[in-house]
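J.: any chance you can model this:
(chains A and B)
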Amino acid sequence: MAIDATTRRFGNVQLRARSFAANQERIVFLITAALIVLFGIGLPGFATVDNFLNLLRSISILGILGLGMGLIVISRGIDLSEVAIMAGSWSIALIEIQQGMGAAPAIMLALCLAVVIGCINGVMVAFVEAPPLFVTLAAGFVIYGAAFWFAPAWVVYAPKESRALLFLGAGQIGGVPVPIFVFAAAATVAHLFLSRTSIGRFIYAQGDNPDAARLAGIALRPLIVFEYALVAVLAWLAGYVWVGTTGSMQMAITQGTMIFDVILVVVLGGISLVGGRGGVFSVVAGCMLIGVLLNAFTIMDVNSEVQNIIRGFVLLAAIILDNWLHPRDEETARQGD
Amino acid sequence: MTDASTMQGATPPETAREPLLRVVKGSKTYGGVHAIEDVDFDLYAGEVHALVGENGAGKSTLCKAIAGAINLSAGDFILDGRPANFEQPRDALAAGICMVYQETSLVPTMTAAQNIELGNEKLLTRFRTLNIQAQQLLQSLNFHVDPATPVGLLGAAKKQMVEIARAVYNKARIIIFDEPTATLTPEEIVHFFHLIRDLRARGVAIIYISHALEESLQIADRITVLRDGRRVITAPSSELSRASLVQHMVGREVAQALYGRREKTEHIRREKVLTVENVTMGMTVKNMSFSVYAGEVVGIAGLIGSGRTEIAKIIFGALKRNLINGGTIRLKGRPIRYRVPKQAIDDGIAYITEDRKANGFFETMIVDDNIYIGHLATKKGWRFLLSRASKSKLANYWVDRLKIGALQRKARIIELSGGNQQKVVVAKVLAQDPSVVIFDEPTRGVDVGTIPHIHAEIRRLAEEGKAVVVISSYLPEVLSVSDRILVARLGRIVAEFDAAEATQDKLLYAAIH
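T.: Alright, predicted model coming up:
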């Protein structure tokens, strides 16, 4: 009798952990699906192919940035300079093009700049052991200032005739905008990397318990540098799409709230700031929800103040959900003692 | 400790008297596992009631529930004959219950006086009045602590005095001590016992948790033994002895099997694998020297803070010895100095942590992944793409070899029992195929049924020709698994015994004197 009760209780606990803990993204997916149905019925102009493609295109840049942020948050870090890396490296590359550099070398220049900045971030976090929050916050300022110094313009335009430069952002394949493919490809690669390679496992291990990872023999410092470099590469890719979409790069986005949107989609989808939890699907789920909301608001012509208020509440709800699913008090920490 | 005999004769509380506090059928579950189950406990005013039991027996859980730090899943409290409920530490404090924690709960940057008043601050406080009050209180308790000193600068014993003073300041009627003597020197312990008797004479009820059975027998009026979360017995300490306590703690049938002396097997010393020569690190490890041979188990006994964990971590590369005059560590004759554990692992050294929760396992991952990650982190085991087949092969092997509760393979490791968690941590490290294995407190917080499995594995590793070091504070454990026993004290190895000639008394004497 007592044993029976114990197993039943144990079963319930497991059930609860199973159905929620790993699956904030499932909850978010369900909410998104419900919203799509709701808007599809109640909102004329929402449930059309064109609008869906538009919606997906609009979240692809945010999504690519979110993949990078997701990766670093899983490893228990954060990169507040991601948007600055994107804007800074591409501003300089575009200025070089205006001064006569070819498109291909300029694209590589942007990539190199991004990776170098990412490596510096990584070295500061891994070897100098400064907290990532402040390292990347400071890096954001430095990049903003330095990029302005080299490229003193708020907006740097890309040459309109360069197909190599603009294809990723402005092209179409079979009527589907290329950014959607870029996001899909990046998400697939990131997912395979995180779930099927040992480095991906190590990133989860580091985020779960850095001390245990170190004692298990994982070389944490090179790993951290590598992670920040990867974030920078994804920032570069997002910038590539951005340049194609808008035909320019604006330094102003560095000073805006874009970085917070990126963090929003990451946390929303269930990549806990505690580290080691969530995955690529979390980023996709978070992006979809935000994309659907913003798209519907645009159709409904909701003013941006209200949009911001709702965005804030969504973030708050995500954090509360995260806290509820991954409680960090003494009682749960002592389980199994 | 001359008055030990008078202690024993102290008047036992008459049963007719109403207990100050009763716990009726108290139960607490964590993730489906009972930490304590249907525990009845009573406490009279002016008595010292000791709680003994192995790690994980539920002593701390019971006391935290009484102190309101955790809430019971089931059961009732009866305080002064009336039902009571302690939702928060504040409620328990208001009822006069005060817990002196193992890890002290003082604020290190505040002065002793501020700490004593903590939680009872008035809107405005004059430092002068505060210090005078604290001084009076400390003097009345015969404590020599300067109330204006920041607590962080005080030693362990004085910190404890401040904690006790705080309890008295809060007009505590029940004081719970959790391992109070672990950090004290023998002289301080004598002083501390005087204080306990003093408090008892004032009518304060004391719950005393300790691993040291002799201490409990000496100081307590009554003793309650817990085992696996259940109450085994409550009896006046005069009716109990060390032997009977051990039997109650581990269960009659296992007691002999668990900690019986290993029959002396012929072990041939093979080559010297690891040599530690005059290794020094700060104030914790001073000129430590010893060697380990292939195919033998070396036990290292000693008190907490004797530098045993530190030397293991230095060998493993998790800590660094002094650069200058730091001594030498040799692995098969070659001097080594690792910056990170990875290098040690590549050279075949393994360290199994004493605190699995803090740095032993990955709580979000299941059993298989935890074991596999140990393998992946080695030179030989590294591969870019993960392989499901090799993961499950590896995990199956270790689950089988260490008898890990295989029913829960798909459960996250955090949901397993302490014993299974420990086995997974052991498997994760042994999957790296080391030639030197250092166990640090291998059975801390492990259920009794699991201990033989871990001990068998330790012996098996030695028989396979590996050099094994076992660091343990639990002397019977050291005695039962080791071929050779070293005793550490204050950062040095002070004695060495062959397992055949060592006894608990000899080890303890060497560890303290």
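J.: so in chain A, where's the weakest helix or strand by average pLDDT?
T.: Using mean pLDDT, DSSP states H and E, the weakest-scoring helix or strand in chain A turns out to be helix A:2-16, at a mean of 39.
J.: how about residues contacting whatever helix or strand comes next after that one?
T.: Next in sequence after helix A:2-16, counting helices and strands by DSSP states H and E, comes helix A:24-42. Contact with helix A:24-42 is made by A:20, A:46-47, A:268-270, A:278-279, A:281-282, A:284-286, A:288-289, A:292-293, A:296, A:318, A:321-322, A:325, as judged by C-beta atoms under 8 Å, 6 or more residues apart in numbering or on different chains. C-beta: built from backbone N, CA, C; applies to glycine.
J.: what's the helix or strand for the closest residue to A:Phe150 other than its chain neighbours?
T.: Computed as C-beta to C-beta, 6 or more residues apart in numbering or on different chains, the closest residue to A:Phe150 that is not its neighbour in sequence is A:Ile92, at 5.2 Å. Assigned by DSSP H and E, A:Ile92 belongs to helix A:82-98.
J.: what's the helix or strand following that helix packed up against?
T.: Next in sequence after helix A:82-98, counting helices and strands by DSSP H and E, comes helix A:103-126. Here helix A:103-126 touches helix A:82-98, helix A:132-150, helix A:163-170, helix A:220-246, going by 3 or more C-beta pairs under 8 Å, 6 or more residues apart in numbering or on different chains; DSSP states H and E.
J.: correct me, but A:Thr254 touches A:Ile85?
T.: No: checked against C-beta atoms under 8 Å, the pair A:Thr254 and A:Ile85 is beyond contact range at 9.4 Å.
J.: quickly list what's touching both of the two.
T.: Common neighbours of A:Thr254 and A:Ile85, counting by C-beta under 8 Å, 6+ apart, are A:Ile143.
J.: higher neighbour count, those two?
T.: Taking neighbours as other C-beta atoms under 10 Å in any protein chain shown, A:Thr254 and A:Ile85 compare with A:Ile85 leading, 35 against 23.
J.: tell me how far that one lies from chain B.
T.: 26 Å (C-beta to the nearest C-beta, to the nearest Å).
J.: next: A:Ile224.
T.: The gap separating A:Ile224 from chain B is 13 Å, by C-beta to the nearest C-beta.
J.: can you get me a residue count around that residue?
T.: A:Ile224, neighbours per other C-beta under 10 Å, totals 26.
J.: just confirm it contacts A:Cys119, I think it does.
T.: No: A:Ile224 is beyond contact range of A:Cys119, at 10.4 Å (criterion: C-beta under 8 Å).
J.: how deep is A:Pro222 tucked in, by neighbour count?
T.: Around A:Pro222 there are 12 residues (other C-beta under 10 Å).
J.: show me the contacts for it.
T.: By C-beta under 8 Å, 6+ apart, the neighbours of A:Pro222 are A:Ala126.
J.: report pLDDT for it.
T.: A:Pro222 carries a pLDDT score of 95 in this model.
J.: again, but for B:Leu79
T.: Looking at B:Leu79, the pLDDT reads 87.
J.: and what of the one 3 residues further on?
T.: Note for B:Arg82: predicted pLDDT of 85.
J.: tell me the phi and psi of it?
T.: B:Arg82 adopts backbone torsions of phi -120, psi 140, taken as degrees, to the nearest 10.
J.: beta partners of it?
T.: Note on B:Arg82: beta-bridge partners by DSSP bridges are B:Leu79.
J.: what is the neighbour count of residue 307?
T.: Just going to use chain A. 14.
J.: try chain B instead
T.: 25.
J.: now do it against B:Val494, distance only.
T.: Between B:Gly307 and B:Val494 the computed distance is 11 Å (C-beta to C-beta, to the nearest Å).
J.: quickly list what's touching both of the two.
T.: Residues touching both B:Gly307 and B:Val494 by C-beta under 8 Å, 6+ apart: B:Ala488.
J.: which residues of the stretch 101-250 of chain A lie near chain B?
T.: Within the stretch 101-250 of chain A, the positions lying close to chain B (C-beta under 8 Å from any C-beta of the partner chain) are A:196-199, A:201-202, A:204-205, A:208-209, A:211-221.
J.: derive a ChimeraX selection command for the buried subset of those.
T.: Buried subset of these, written as a ChimeraX selection, criterion 16 or more other C-beta atoms under 10 Å in any protein chain shown:
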select /A:197,198,199,201,202,204,205,208,209,212,213,214,215,216,217,218,219,220,221
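J.: would you pull up the residue in the stretch 151-300 of chain B closest to chain A?
T.: Among all residues of the stretch 151-300 of chain B, B:Gly229 sits closest to chain A, at 11.0 Å; criterion: C-beta to the nearest C-beta.
J.: distance check, that residue against B:Ser27.
T.: B:Gly229 is 8 Å from B:Ser27, by C-beta to C-beta.
J.: overlap in contacts of the two?
T.: Joint contacts of B:Gly229 and B:Ser27 (C-beta under 8 Å, 6+ apart) are B:His34, B:Ile36, B:Glu37, B:Val39.
J.: turn the residues you listed into a markdown table, columns for secondary structure.
T.: Converted to a markdown table, the shared contacts of B:Gly229 and B:Ser27 look like this (DSSP: H, G, I helix; E, B strand; the rest coil):
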| residue | secondary structure |
| --- | --- |
| B:His34 | strand |
| B:Ile36 | strand |
| B:Glu37 | strand |
| B:Val39 | strand |
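J.: can you flag the buried ones in the contacts of helix A:24-42?
T.: A:20, A:46, A:268-270, A:278-279, A:281-282, A:284-286, A:288-289, A:292-293, A:296, A:318, A:321-322, A:325.
J.: these in helices, which ones?
T.: A:268, A:281-282, A:284-286, A:288-289, A:292-293, A:296, A:318, A:321-322, A:325 (DSSP state H).
J.: tell me which two of those residues sit farthest apart.
T.: A:Ala296 and A:Leu325 (26.6 Å; C-beta to C-beta).
J.: tell me how many other residues surround the residue nearest to B:Gln422 when sequence neighbours are not counted.
T.: Excluding the flanking residues, the one nearest B:Gln422 by C-beta to C-beta, 6+ apart is B:Val446, at 5.0 Å. When neighbours are defined as other C-beta under 10 Å, B:Val446 has 23 of them.
J.: do I have it right that B:Val446 meets B:Pro452?
T.: No: the criterion here is C-beta under 8 Å, and B:Val446 misses it with B:Pro452 at 10.5 Å.
J.: which residues touch the residue of the stretch 201-350 of chain B found nearest chain A?
T.: At 3.8 Å from chain A, B:Ile345 is the closest residue in the stretch 201-350 of chain B, using C-beta to the nearest C-beta. Neighbouring residues of B:Ile345 by C-beta under 8 Å, 6+ apart: A:Gly217, B:Ala377, B:Thr378, B:Gln432, B:Pro434.
J.: nearest to B:Phe193, of these?
T.: So of these, ranked by how close each gets to B:Phe193 (C-beta to C-beta), first place is B:Pro434, at 44.3 Å.
J.: residues contacting the nearest residue to the closest one once chain neighbours are set aside?
T.: For B:Pro434, ignoring the flanking residues on the chain, the nearest one in space by C-beta to C-beta, 6+ apart is B:Ala350 at 3.5 Å. By C-beta under 8 Å, 6+ apart, B:Ala350 lies in contact with B:Phe316, B:Val429, B:Leu430, B:Gln432, B:Pro434, B:Val436, B:Val437, B:Ile438.
J.: what strand or helix carries B:Ala350?
T.: Going by DSSP H and E, B:Ala350 is part of strand B:349-352.
J.: if we can go back for a sec, ok, and the most crowded of the contacts of B:Ala350?
T.: B:Ile438 (29 neighbours).
J.: that's a helix at that residue, yeah?
T.: No: B:Ile438 is assigned strand when assessed by three-state DSSP, not a helix.
J.: against chain A, how distant is it?
T.: 11 Å.
J.: kindly report the same for B:Pro19.
T.: Applying C-beta to the nearest C-beta to B:Pro19 and chain A gives a distance of 27 Å.
J.: appreciated, that's everything.
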